[in-house]
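**Student:** Please work out how this folds:
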Amino acid sequence: MRARFSGVYSQKLPLEFWRVAHRILGKLFLDERARGEDTTSVFHRRVKKRGCPTLSPERVGGSSLMPKKLKRHYGKGDLHFITFSCYERRSLLGSVRARNLFVRVLRDVRERYGFLVVGYVLMPEHVHLLISEPRKGTPSKVVQVLKQRTSRALRGRKRRGSQAQLSLKFPNQAGELRRFWQKRFYDFNVWSVEKEKEKLNYMHANPVQRKLVRHPKDWPWSSWSFYGNGDRGLLTIDPVD
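**Tutor:** Model prediction:
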């Protein structure tokens with residue numbers, strides 16, 4: 001079983017919560033291929049229905065309770081649906097300037113590590129990427145570098161040994177936060193064309209579901225323009241058949 005739910009951010013939740021969560025997750029991952037449903041959406045819906053504290057994005061204390069010995073599944077030729085969040089789920093990507101900078105960094109990191117960007121969406125407080133495994137390193141390394149570079153740039157911090165300092169400042173509402181990104185990330189192996197379409201649709205619908213725009217075409221920080229109109233958009237997309 002290649003799918004793993006590895007991106008829950010929470011704080012001091014009761015033991016019963018985790019028992020129910022693991023029970024739900026086990027059934028979802030066993031059944032999802034046959035049902036063809038979006039695991040993430042079904043999981044959130046079922047947890048809410050059972051009355052447990054929600055695992056949907058919330059602003060919490062910043063600690064990550066993901067397993068310490070988390071096992072990633074690389075080397076299988078799968079695409080990877082990756083999600084990572086801003087610190088405490090704050091809207092640190094809430095400005096046009098911040099999102100545009102992230103796109104530029106993503107473009108540079110893709111060129112350096114040699115991976116395909118099949119789809120993406122930037123939200124005010126989190127990022128979704130659908131990428132291939134890189135020629136150099138692993139998806140974990142890609143995420144690490146993305147986080148480091150964007151954090152340095154958006155916080156206006158110097159890189160070690162460098163005299164240059166980027167002028168784009170950390171968003172005012174972030175105050176004295178210890179970091180820009182929440183620790184670690186969620187990684188879902190995408191093993192089929194159906195799952196690829198599911199994740200692309202999920203990403204492109206995000207801005208509409210959050211009521212940021214009325215139509216995906218109105219949110220330029222995603223791959224919708226390529227799949228919907230055949231336009232290049234802000235970032236060149238690498239379609240996979």
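**Student:** Okay, strands next: where are they in this protein?
**Tutor:** Secondary structure of the chain (DSSP state E): strands located at 79-85, 117-122, 126-131, 186-190.
**Student:** lowest confidence element among the helices and strands of this structure?
**Tutor:** helix 39-49 (a mean of 46; mean pLDDT, DSSP states H and E).
**Student:** Could you export the strands of the chain as TSV, including mean pLDDT, mean neighbour count and distance to Lys199?
**Tutor:** Every C-beta, even on glycine, is put in place using the N, C-alpha and C of the backbone. TSV is the format used below for these (pLDDT from 0 to 100; neighbours: other Cβ atoms under 10 Å; distance: least, Cβ to Cβ, whole Å):
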stretch	mean pLDDT	mean neighbour count	distance to Lys199
strand 79-85	95	23	5
strand 117-122	98	24	7
strand 126-131	97	24	5
strand 186-190	92	22	6
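**Student:** Can you verify my assumption that Lys136 contacts Gly114?
**Tutor:** Yes - proximity of Lys136 to Gly114 meets the contact threshold set by Cβ atoms under 8 Å, at 5.9 Å.
**Student:** all helices of this protein, in order?
**Tutor:** Using DSSP state H, the helices found in the chain span residues 15-35, 39-49, 96-113, 139-155, 193-209, 224-229.
**Student:** helices and strands around the fourth one, which ones?
**Tutor:** Other elements packing on helix 139-155 under the criterion 3 or more Cβ pairs under 8 Å, 6 or more residues apart in numbering; DSSP states H and E are strand 79-85, helix 96-113.
**Student:** ditto for the last one
**Tutor:** In terms of contact count using 3+ Cβ pairs under 8 Å, 6+ apart, helix 224-229 is assigned the packing partners helix 193-209.
**Student:** May I have the helix it packs on exported as CSV, CA atoms only?
**Tutor:** Taking C-alpha atoms only, helix 193-209 is exported to CSV below (Å, rounded to 0.1, in the frame of the first residue of the first chain):
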residue,chain,number,x,y,z
VAL,A,193,-4.0,8.5,-14.1
GLU,A,194,-7.3,8.6,-12.1
LYS,A,195,-5.5,9.7,-9.0
GLU,A,196,-3.5,12.3,-10.9
LYS,A,197,-6.8,13.8,-12.2
GLU,A,198,-8.3,13.6,-8.8
LYS,A,199,-5.4,15.6,-7.2
LEU,A,200,-5.4,18.1,-10.1
ASN,A,201,-9.1,18.8,-9.7
TYR,A,202,-8.7,19.0,-5.9
MET,A,203,-5.9,21.6,-6.2
HIS,A,204,-7.7,23.7,-8.9
ALA,A,205,-10.9,23.8,-6.9
ASN,A,206,-9.2,25.0,-3.7
PRO,A,207,-9.4,28.8,-4.4
VAL,A,208,-13.1,28.5,-5.3
GLN,A,209,-13.9,26.4,-2.3
